[in-house]
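Q: I would like to see how this sequence folds:
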Amino acid sequence: MWSEGTIGVPAGNGKYTVVKYKVKLFDAPSEWGYEGGRASKIWLQQDGREVYCFERGEVTPLQTEEARTALAVLLQKYN
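A: The predicted structure is shown next:
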């Protein structure tokens, strides 16, 4: 199952940075999931560029603090 959407990460002054995401999930935790969890693929985009990619292993490391925050939100929800 795929899930996709956006996460608004607080940027100060009442503004938010938008991080787009796509996550592919297993039905149950797997050795191929992120840290043995359900998320087998995670893709994050910020300002039109890829800021993180995990496809059964890290492909693109975290590029921004906003991406780090968005990843934490996704893992809490899906993994």
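Q: so where's the chain uncertain?
A: Within the chain, no stretch has pLDDT under 70.
Q: Give the residue farthest from the middle of it.
A: In the chain, counting by Cα atoms, centre = their mean, N13 sits farthest out from the average C-alpha position, at 24.3 Å.
Q: What about that one? Give its phi and psi, please.
A: phi 60, psi 30 (degrees, to the nearest 10).
Q: V73 versus that one, what's the distance?
A: 21 Å (Cβ to Cβ, to the nearest Å). (Glycine included, C-beta is placed from N, CA and C.)
Q: same thing with A11?
A: 15 Å.
Q: between those two, which one's more packed in?
A: V73 (14 against 11; other Cβ atoms under 10 Å).
Q: nearest residue to the more buried one other than its sequence neighbours?
A: Among residues not flanking V73 along the chain, I7 sits closest, at 5.5 Å (Cβ to Cβ, 6 or more residues apart in numbering).
Q: Next: W43.
A: Once flanking residues are discounted, W43 sits nearest to K22: 4.6 Å by Cβ to Cβ, 6+ apart.
Q: you'd agree that neighbour is in a strand?
A: Yes: counting by DSSP: H, G, I helix; E, B strand; the rest coil, K22 is found in a strand.
Q: what's the helix or strand for L75?
A: L75 belongs to helix 65-78 when assigned by DSSP states H and E.
Q: Pull the CA coordinates from that helix and hand them back as PDB.
A: Written as PDB, here are the backbone C-alpha positions of helix 65-78 (Å, rounded to 0.1, in the frame of the first residue of the first chain):
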ATOM      1  CA  GLU A  65      16.400  19.500   9.300                       C
ATOM      2  CA  GLU A  66      12.800  19.800   7.900                       C
ATOM      3  CA  ALA A  67      13.300  16.400   6.200                       C
ATOM      4  CA  ARG A  68      14.500  14.900   9.600                       C
ATOM      5  CA  THR A  69      11.400  16.200  11.300                       C
ATOM      6  CA  ALA A  70       9.100  14.900   8.500                       C
ATOM      7  CA  LEU A  71      10.700  11.500   8.600                       C
ATOM      8  CA  ALA A  72      10.100  11.400  12.400                       C
ATOM      9  CA  VAL A  73       6.400  12.200  11.900                       C
ATOM     10  CA  LEU A  74       6.100   9.500   9.200                       C
ATOM     11  CA  LEU A  75       7.800   6.800  11.200                       C
ATOM     12  CA  GLN A  76       5.600   7.600  14.200                       C
ATOM     13  CA  LYS A  77       2.500   7.200  12.100                       C
ATOM     14  CA  TYR A  78       3.500   4.400   9.700                       C
END
